[in-house]
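In: sequence unknown, structure follows:
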C-alpha cells in the first residue's frame, strides 16, 4: 500500500508544480487583457489558487495517513484534481 501512496504523492506533487506554471501563465496573459477581462478572470485565478492549496493540504495528509485513511484522502484529492484540471482547461480556452 505504501508504494501506491508514494506513487500518488509523486504524481500529485508533479501536478501541483504544473498547475503553478499554468496559473502563472494565466496571470501573465491577464496583464495584457482588458480591465473587464482581468476582473472576470481574477475570480477564476483565485478559485484555482484555492483548489491548488487544497490539493497541497491533501498531499501533506497522505504522507502521514494510515493505510485506511489514505484511501479517503486519495478520493478527496482526486476530486480536487479534477476540479483544477477543468478550471484550468476552461480558463486557458477563454484566455487563449
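Out: Done, it's in. Please read these numbers as outputs of a predicted model, since none were measured by experiment.

In: which secondary structure elements does the helix or strand in which residue 72 is found contact?
Out: For residue 72, the host element (DSSP states H and E) is helix 67-95. Packing partners of helix 67-95 (3 or more Cβ pairs under 8 Å, 6 or more residues apart in numbering; DSSP states H and E): helix 2-31, helix 35-64. C-beta coordinates here come from the backbone N, C-alpha and C atoms, glycine included.

In: So residue 52 sits against residue 21, correct?
Out: No: look at residue 52 against residue 21 with Cβ atoms under 8 Å: they stay out of range, at 11.3 Å.

In: Just want to know which of these two has more residues nearby.
Out: residue 52 (20 against 9; other Cβ atoms under 10 Å).

In: Not including adjacent chain positions, what is the nearest residue to the more buried one?
Out: Excluding the flanking residues, the one nearest residue 52 by Cβ to Cβ, 6 or more residues apart in numbering is residue 19, at 5.2 Å.

In: likewise residue 51?
Out: Closest residue to residue 51 apart from its sequence neighbours, by Cβ to Cβ, 6+ apart: residue 84 at 4.6 Å.

In: Hmm, residue 52 and the one you found touching each other?
Out: Yes: under the contact definition of Cβ under 8 Å, residue 84 touches residue 52, with a separation of 6.3 Å.

In: Now the common contact residues for the two.
Out: Residues touching both residue 84 and residue 52 (Cβ atoms under 8 Å, 6 or more residues apart in numbering): residue 19.

In: per-residue confidence for the residue nearest to the spatial centre of the chain?
Out: In the chain, the centroid-proximal residue (Cα atoms, centre = their mean) is residue 52; its distance is 3.5 Å. With respect to pLDDT, residue 52 scores 89.

In: how close does it sit to residue 69?
Out: 22 Å (Cβ to Cβ, to the nearest Å).

In: ok, now residue 62?
Out: To residue 69, residue 62 is 9 Å away according to Cβ to Cβ.

In: for residue 15, same thing?
Out: Residue 15 is 21 Å from residue 69, by Cβ to Cβ.

In: for residue 75, same thing?
Out: For residue 75, the distance to residue 69 equals 11 Å [Cβ to Cβ].
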